[in-house]
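J.: Below: sequence and its predicted model.
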Amino acid sequence: VDNLTTERRSQNMRRIRSAGMKPEMTVRKLAHALGYRYRLHVKDLPGKPDLVFTKRRKVIFVHGCFWHQHPGCREGRPPGSNSAYWGPKLARNAERDRTALLALAKAGWRVLVIWECETGDADLATRLRDFLGETAMQFEAT
Ligand SMILES: [Zn+2]
């Protein structure tokens, strides 16, 4: 067993676990504070979206930068030390995400992806309000 690699991997796992619930909770609390009500983790929708606004036909995913491979993000880089292990795994995640987004769009859902590293942004509330407040008519008119 390569100790360095193992240590690096468990380090990543720890970071993911500890960060796991927090970004989603941030988004949930904010959406709630803005007056929006939602369902959580709807299993019968592609990708099991984190927040589902049924009447508005909108969903929000809160994606961990590492697991979901945030493009161009520091946290989204697969660890170079063990790319044989992480490479295919993370590629599958990203592929699953693409498939889910496509299926949702085809079924008429509007989708917002909020990356873990963006949940601390000052404009997060504005992004949520813009996305959720947009009406279907405004959307179709563009
Ligand atoms: Zn990121």
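T.: Everything's here; your move. Residues are numbered from 1 along each chain as shown.

J.: where do the strands sit along the chain?
T.: Per DSSP state E, the chain carries strands over the ranges 39-40, 51-53, 58-63, 110-115.

J.: Quick check: which ranges of this structure have low pLDDT?
T.: Along the chain, the parts satisfying pLDDT under 70 run over 1-21, 78, 81, 135-142.

J.: Flag every residue of it that's near the ion.
T.: Contacts of the chain with the ion, taken as C-beta under 5 Å from the ion, map to 65, 70, 73, 75, 115, 117. In this view, the C-beta of every residue, glycine as well, is placed from N, C-alpha and C.

J.: What subset of the residues you listed is buried?
T.: Among these, the ones that count as buried by 16 or more other C-beta atoms under 10 Å are 65, 70, 75, 115, 117.

J.: Make a markdown table from those residues and add distance to Glu134 to it.
T.: Formatted as a markdown table, those follow (distance: C-beta to C-beta, whole Å):
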| residue | distance to Glu134 |
| --- | --- |
| Cys65 | 25 |
| His70 | 24 |
| Glu75 | 29 |
| Trp115 | 20 |
| Cys117 | 24 |
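
J.: Of those, which pair is most distant in space?
T.: Glu75 and Trp115 (8.5 Å; C-beta to C-beta).

J.: Quick check: the residue nearest the centre of the chain vs Gly35, distance?
T.: For the chain, the residue nearest the mean C-alpha position is His63 (2.2 Å; C-alpha atoms, centre = their mean). For His63, the distance to Gly35 (C-beta to C-beta, to the nearest Å) stands at 24 Å.
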